[in-house]
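> only geometry, no sequence info:
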């Protein structure tokens, strides 16, 4: 009986600490740094097609077969941002769908490029930062 009470208290304390850590200013600062890094990466790698505002009207867009996606409308009203889906699309290695504008599922997939430029760990950080930036420009935020 005492063991169950102690175990329950430990689990409750762990939950409180986890919630406090997620909401901590340090975590918010890290998140803002990711958004800023993602914004820079977006301007370097994505804005030519998707536009600097993410709405799909970049200078290269008219020459594509299909207009680029409006990245500000990925989150549907009342729903969470599809974070994992966006990361997979950016990385491009685990998707089996076709991105018509690019002819194949090989939209300039940045996972391969980041890996060649910087290595696997940095690639994951860059894709995460890009996704955080795209999340920050959503019209419908939950």
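Sure, I can see it. Predicted model, so just to flag it, every value in this text is computed and none were measured.

> I'd like to know how far residue 139 sits from residue 130.
The gap separating residue 139 from residue 130 is 18 Å, by CB to CB, to the nearest Å. Glycine gets a C-beta too; all of them are placed from N, C-alpha and C.

> so those two - more neighbours on which side?
More crowded of residue 139 and residue 130, by other CB atoms under 10 Å: residue 130, with 26 against 12.

> ok, now which ones touch the more buried one?
Applying CB atoms under 8 Å, 6 or more residues apart in numbering, we find residue 130 in contact with 38, 41-42, 45-46, 90, 110.

> look at stretch 63-83 and report the distance between its end residues.
29 Å (CA to CA, to the nearest Å).

> please flag which of the contacts of residue 130 sit within strands.
With DSSP state E as the criterion, strands contain none of the contacts of residue 130.

> ok, the residues you listed vs residue 67, which is closest?
Nearest to residue 67, judged by CB to CB, of those is residue 46 at 14.3 Å.

> run a quick neighbour tally on that closest one.
Neighbour tally, residue 46, other CB under 10 Å: 23.

> do you know the pLDDT at it?
Residue 46 is assigned 93 on the pLDDT scale.

> where in this structure is pLDDT low?
Residue ranges of the chain with pLDDT under 70: 1-30, 93-113, 115-123, 142.

> go with 80
Within the chain, the segments meeting pLDDT under 80 span 1-30, 92-124, 142.

> where exactly do the strands run in it?
Per DSSP E, the chain carries no strands over any range.

> helices of that one, start to end?
Secondary structure of the chain (DSSP state H): helices at 2-22, 25-45, 47-50, 83-91, 110-118, 120-136.

> could I get the buried residue list for the second one?
Using 16 or more other CB atoms under 10 Å as the burial criterion, the residues of helix 25-45 that qualify are 34-35, 37-39, 41-42, 45.

> identify each buried residue in stretch 50-66, please.
50-51, 54-56, 58, 61.

> any chance of JSON lines for those residues, columns distance to residue 124?
Output for those, formatted as JSON lines (distance: CB to CB, whole Å):
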{"residue": "50", "distance to residue 124": "21"}
{"residue": "51", "distance to residue 124": "26"}
{"residue": "54", "distance to residue 124": "22"}
{"residue": "55", "distance to residue 124": "27"}
{"residue": "56", "distance to residue 124": "26"}
{"residue": "58", "distance to residue 124": "25"}
{"residue": "61", "distance to residue 124": "28"}
